[in-house]
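In: dropping a prediction and its sequence here:
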Amino acid sequence: MAGTFRITPALWDKIHHFASFPQTGVSLQQMVLFGQNPSQGTLFKASHFLAEELPIRLAHRVKELDMLPHDLSDTPSINKVKNWYAQSFEELITFPTIRLPPKVKESLMTSHTSGGTQLPGSTPNPSLVKMFGQPSGSNGNGDKTKLRIPIERSRYYAAAPNIDWPPEVQDYNTRFTKTLENIKRRHDPTVTTVAQGVLEWKRTHKTQFIGHDIQAWLDRFYMSRIGIRFLIGQHIALNTLQSHPDYVGIICTNTNVHDVVHEAIENARFVCEEHYAMFKGPPVQLICPMNLAFPYVPGHLSHICFELLKNSLRAVVERFGHEHEELLPPIKVIVVEGKEDITIKISDEGGGIPRSAIPLIWTYMYTTMEGQGIDQDFHDTDFKAPMAGFGYGLPLSRLYARYFGGDLRLISMEGYGTDVYIHLNRLSSSREPLQ
Ligand SMILES: Nc1ncnc2c1ncn2[C@@H]1O[C@H](COP(=O)(O)OP(=O)(O)OP(=O)(O)O)[C@@H](O)[C@H]1O
């Protein structure tokens, strides 16, 4: 039953063991190349990569959730989240492996270089190496250090040979995908529950502010969550969705920036109109080449744009009021493609932010929206789309931008307005920033 999970001493040992291995980052490019037209053999290799990598990432988080500064770990909500991570960890390390006929095993181990694509070798996971027969805890050179196994020995080639994969391979893929779906669902309310934990902590400690150490942990924790959910979401999509010429899992190889930004504008204006009971929200001008496209996760991009546009719309409405809708100054969105980056600039005339508040806007739970915030009884599974009030919009959007090697910057001109720059790395070769 949910909520009754307990971390046994034996499980703690495993968690500490796995947390002693480094996490292995992947890049968008690798995921695209790896997931193109996957066979059951390729999906099996991807399962294997995740079955090694996810427990390592989860173990790092459990350990950290248990050792947070200033007694934050003692709050009931943080404890709940820790148990979710530990339970998912346990499900993955106890996931039944399969015995493969030697010929199939050999096919999976063979280098098939057409396309030459591989996921990086994650640090060998002692509970899984039996499937491929790699020595436990070894770096492949015979010494028992925890070094990554040499890259030649650890490649999972996308181009798995063209053989008839036995039914047990497909069966394994189906079961593993189901397990990942359950895990993903379990962790849906993580952001709100952690936020709840920080609020509980603030209440107990009678403080309004979180220190640098907690802020840094939240950045690390949410960044890691983005990564874990990207890997899981990608795997589920590869295993369950019909193939589409523009999609590899949840990555759209041809993400049309104009379309995504346009949709975000419409959605943000809709929320603004509902919130302020306006007939028409402030106008938004979009200047963007219609055919500008690049590989990205459209969900990430629309999340970032939606959050920033909501901020700008709110600032404009709160500065000028909503009686004279036709007089509101437009928000300008300009999208430009450079060699390295695609940059989206969102400029509003909403009056800007005082310089003294600039360091605060990147902290979690800083908001100037009154009467909002997550209260004690907040049970929603994730943030719905209210106008504002959690104080998560900016810091989380920056993490999404950074996840694939981009960034988010804000420049305010107090008394006039704010410019926000979303930098998106169009080369898509940078690896996840994991810590
Ligand atoms: N374009 C802007 N103009 C003026 N102030 C802004 C702008 N963008 C952000 N801010 C200020 O920064 C604060 C934090 O923004 P952030 O997006 O992180 O949270 P929020 O909008 O208050 O809540 P939510 O998490 O629901 O988005 C806002 O409450 C607002 O005071």
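Out: Yes, it's here.
In: what segments of this protein are strands?
Out: Counting by DSSP state E, residue ranges of the strands within the chain are 118-119, 156-157, 247-248, 251-256, 284-287, 293-296, 331-337, 341-348, 407-413, 417-425.
In: get me the contact residues on the protein for the ligand.
Out: 307, 311-312, 315, 348, 350, 353, 361, 366-369, 388-394, 418 (Cβ under 6 Å from any ligand atom). Yep, even glycine has a C-beta here, placed from its N, CA and C like the rest.
In: who touches the most centrally placed residue in the chain in this structure?
Out: The centroid of the chain falls nearest to I226 when counting by Cα atoms, centre = their mean (1.5 Å). Contact partners of I226, counting by Cβ atoms under 8 Å, 6 or more residues apart in numbering, are 399-400, 403.
In: how much space between R6 and the ligand?
Out: 33 Å (Cβ to the nearest ligand atom, to the nearest Å).
In: how many other residues sit next to the closest residue to the ligand within the stretch 101-250 of the chain?
Out: Scanning the stretch 101-250 of the chain for proximity to the ligand using Cβ to the nearest ligand atom identifies A195 as nearest, at 9.6 Å. Residues near A195, counting by other Cβ atoms under 10 Å, number 21.
In: cool, E323 as well?
Out: Neighbours of E323 (other Cβ under 10 Å): 7.
In: how about K280?
Out: 12.
In: quick one: pLDDT of it?
Out: Model confidence at K280, expressed as pLDDT, equals 93.
In: what residues are up against it?
Out: 269, 273, 325.
In: what's the answer for N254, then?
Out: 246, 293-295.
In: that older thread, can you redo the strands of the chain as a markdown table with mean pLDDT?
Out: Output for the strands of the chain, formatted as a markdown table (pLDDT from 0 to 100):
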| stretch | mean pLDDT |
| --- | --- |
| strand 118-119 | 66 |
| strand 156-157 | 40 |
| strand 247-248 | 94 |
| strand 251-256 | 95 |
| strand 284-287 | 98 |
| strand 293-296 | 95 |
| strand 331-337 | 98 |
| strand 341-348 | 98 |
| strand 407-413 | 98 |
| strand 417-425 | 97 |
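In: coming back round to it: among the contacts of K280, who's most crowded?
Out: Neighbour max across these (other Cβ under 10 Å) = R269, 20 neighbours.
In: leaving out chain neighbours, which residue sits closest to it?
Out: Nearest in space to R269, with sequence neighbours left out and distances taken as Cβ to Cβ, 6 or more residues apart in numbering, is G281 at 4.0 Å.
In: OK, contacts around the one you found?
Out: 268-270, 272-273, 313, 317, 325 are the contacts of G281 under Cβ under 8 Å, 6+ apart.
In: please report how far the nearest residue to Q170 once chain neighbours are set aside lies from the ligand.
Out: Once flanking residues are discounted, Q170 sits nearest to Q40: 4.9 Å by Cβ to Cβ, 6+ apart. Distance of Q40 to the ligand, given as Cβ to the nearest ligand atom: 42 Å.
In: how many neighbouring residues does the residue lying closest to I163 once chain neighbours are set aside have?
Out: Closest residue to I163 apart from its sequence neighbours, by Cβ to Cβ, 6+ apart: S107 at 5.7 Å. S107 is flanked by 17 other residues according to other Cβ under 10 Å.
In: quick one, helices of this protein?
Out: 9-19, 28-35, 40-66, 76-93, 102-109, 129-132, 167-186, 190-204, 212-240, 257-276, 298-320, 358-361, 393-403 (DSSP state H).
In: residue ranges with poor pLDDT in the chain?
Out: 1-3, 109-119, 121-162, 371-389 (pLDDT under 70).
In: domain map for it?
Out: 9-112+167-245, 251-370+384-425 (the TED database).
In: end to end, how far does the longest one reach?
Out: Right, domain 9-112+167-245. Domain 9-112+167-245 has its terminal residues 49 Å apart, counting by Cα to Cα, to the nearest Å.
In: and for stretch 91-102?
Out: 27 Å.
In: likewise stretch 198-209?
Out: 10 Å.
In: now stretch 278-291
Out: 33 Å.
In: ok so, going back, residues in contact with the residue nearest to Q170?
Out: Applying Cβ under 8 Å, 6+ apart, the residues near Q40 are 165, 169-170, 173.
In: 6 Å instead?
Out: 165, 169-170 (Cβ atoms under 6 Å, 6 or more residues apart in numbering).
In: which residue packs closest to the closest residue to the ligand within the chain, ignoring adjacent ones?
Out: Closest residue of the chain to the ligand, Cβ to the nearest ligand atom: G393 (2.4 Å). Closest residue in space to G393, ignoring its immediate chain neighbours: E307 at 4.1 Å, by Cβ to Cβ, 6+ apart.
In: my guess is that neighbour meets L394, correct?
Out: No - with contact defined as Cβ atoms under 6 Å, E307 does not count as touching L394 (7.4 Å).
In: out of the helices of the chain, flag the one nearest S429.
Out: helix 28-35 (4.9 Å; Cβ to Cβ).
In: return the list of helices and strands in contact with that closest one.
Out: Secondary-structure packing of helix 28-35 (3 or more Cβ pairs under 6 Å, 6 or more residues apart in numbering; DSSP states H and E): no helix or strand packs against it.
In: got the angle for that helix vs helix 40-66?
Out: Angle, helix 28-35 to helix 40-66, by axes from the mean of the first three to the mean of the last three Cα atoms, to 10 degrees: 140 degrees.
In: export helix 28-35 to CSV, keeping only CA atoms.
Out: Extracted as CSV, the C-alpha positions of helix 28-35 are listed here (Å, rounded to 0.1, in the frame of the first residue of the first chain):
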residue,chain,number,x,y,z
LEU,A,28,19.8,14.8,-27.0
GLN,A,29,21.8,13.8,-30.1
GLN,A,30,22.7,10.4,-28.7
MET,A,31,19.1,9.7,-27.8
VAL,A,32,17.9,10.7,-31.3
LEU,A,33,20.5,8.5,-33.1
PHE,A,34,20.0,5.6,-30.7
GLY,A,35,16.2,5.6,-30.9
